[in-house]
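Peer 1: Here you go, sequence then predicted model.
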Amino acid sequence: MPSGPARLPSDRLLTVLTCPQCPSGLTRADGALRCAARHTFDIARHGYVSLLTGHRRAASADSAGMVSSRAAFLRAGHYDPLVRVLADLAAGLAPADATVLDAGAGTGHYLAAVLDALPGALGIGLDTSAAALRATARAHPRAEAAGWDVWRPWPVRTGCAHLVLNVFAPRNGPEFRRVLRPDGALLVVTPTGRHLRELREPLGLPAVDPRKEERLRRTLSAAFRLDHTEPLEFTPALTAGDVVHLVAMGPAARHLDAAELPGRVARLGTPVHVTASFAVSVYRPVGSAQ
């Protein structure tokens, strides 16, 4: 694609982000963001800011193929019940002009739905994948994207967020707590043991750890209390192409032979009725942010 001017970060974004190399704030400077110590971070022409300068991208970052498959699957509406639950919960958890952080934003699909439910909100997606950041930056007019590894301390001001989203992504409990306001909320989505059960054996997908929810609560217990969990289960009917996108969009894509996948899927017959099963949990911060 021909190069063009980068979409500049909004003024509101600059009140949230900080320099990852020092505590300073950031300002715009010649197609980049720069702090008072002159640490400089490029604004990609696709509209996201790369704060990982000088650090290798995480090995777990989604590939362009994974992001493309996820975008196609979600665009087809197969997870729309989950999208609606997230949007409805967000509308009750945060003010209309909230600051929303999405940790591991992927394509920005869920962040966009939350922003639609909060008409004055700013959304910021953090991810290590350049392909994911490009998608998030164009997912919604009020969505911004920043390249960052969510396992590390975030380049985000303490207590700035009304809502943190964590949808099928790594969970950094201490940073969730630090960036949230005392009256904020953490919204987490995890798959249950029934998720995609019809595909596991025929396609060789790994089983969901039955202790996943227990481990999640233990991970967050030092800084959060569980407010409530909403179980969500539905059964979309998928074409063979949908199933290929579903498998190729997640971690299983790294462990399956891409050349064999279409043949395995074809043997399932169509439509394929697949269980989508999730736990959608709301957590509230306790104690003081560090």
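Peer 2: Great, that's in hand. Numbers count the residues shown, from 1 in each chain.
Peer 1: for the stretch 51-200 of the chain, what spans make up the helices?
Peer 2: Ranges of helices within the stretch 51-200 of the chain are 64-75, 80-93, 109-117, 130-137, 173-179, 197-203, based on DSSP state H, counting those that start in this stretch.
Peer 1: possible to save those helices as CSV with distance to residue 43, mean neighbour count and mean pLDDT?
Peer 2: Every C-beta, even on glycine, is put in place using the N, C-alpha and C of the backbone. Below are the helices of the stretch 51-200 of the chain laid out as CSV (distance: least, C-beta to C-beta, whole Å; neighbours: other C-beta atoms under 10 Å; pLDDT from 0 to 100):
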stretch, distance to residue 43, mean neighbour count, mean pLDDT
helix 64-75, 20, 19, 95
helix 80-93, 28, 17, 98
helix 109-117, 19, 23, 98
helix 130-137, 10, 25, 96
helix 173-179, 22, 22, 96
helix 197-203, 40, 16, 91
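Peer 1: Show me the one of the ones you listed that comes nearest residue 19.
Peer 2: Distance to residue 19, taken as C-beta to C-beta, is lowest for helix 173-179 among those, at 15.5 Å.
Peer 1: Find the nearest non-adjacent residue to residue 239, please.
Peer 2: residue 270 (5.5 Å; C-beta to C-beta, 6 or more residues apart in numbering).
Peer 1: sorry, back to before: switch the helices of the stretch 51-200 of the chain over to JSON lines; also include distance to residue 210.
Peer 2: Converted to JSON lines, the helices of the stretch 51-200 of the chain look like this (distance: least, C-beta to C-beta, whole Å):
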{"stretch": "helix 64-75", "distance to residue 210": "25"}
{"stretch": "helix 80-93", "distance to residue 210": "21"}
{"stretch": "helix 109-117", "distance to residue 210": "25"}
{"stretch": "helix 130-137", "distance to residue 210": "29"}
{"stretch": "helix 173-179", "distance to residue 210": "21"}
{"stretch": "helix 197-203", "distance to residue 210": "12"}
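Peer 1: now for the ones you listed, which one comes closest to residue 33?
Peer 2: It's helix 130-137; of the helices of the stretch 51-200 of the chain, that one is closest to residue 33 (C-beta to C-beta) at 14.3 Å.
Peer 1: gap between the closest one and the chain center?
Peer 2: Between the centre of helix 130-137 and the centre of its chain there are 11 Å (C-alpha atoms, centre = their mean, to the nearest Å).
Peer 1: Can you dump the C-alpha atoms of that helix in CSV for me?
Peer 2: Extracted as CSV, the C-alpha positions of helix 130-137 are listed here (Å, rounded to 0.1, in the frame of the first residue of the first chain):
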residue,chain,number,x,y,z
ALA,A,130,1.0,-5.2,14.5
ALA,A,131,-1.9,-6.8,12.6
ALA,A,132,-4.2,-6.6,15.6
LEU,A,133,-3.2,-3.0,16.3
ARG,A,134,-4.0,-2.0,12.7
ALA,A,135,-7.5,-3.6,13.1
THR,A,136,-8.1,-2.0,16.5
ALA,A,137,-7.2,1.5,15.2
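Peer 1: Alright, that wraps it up for me.
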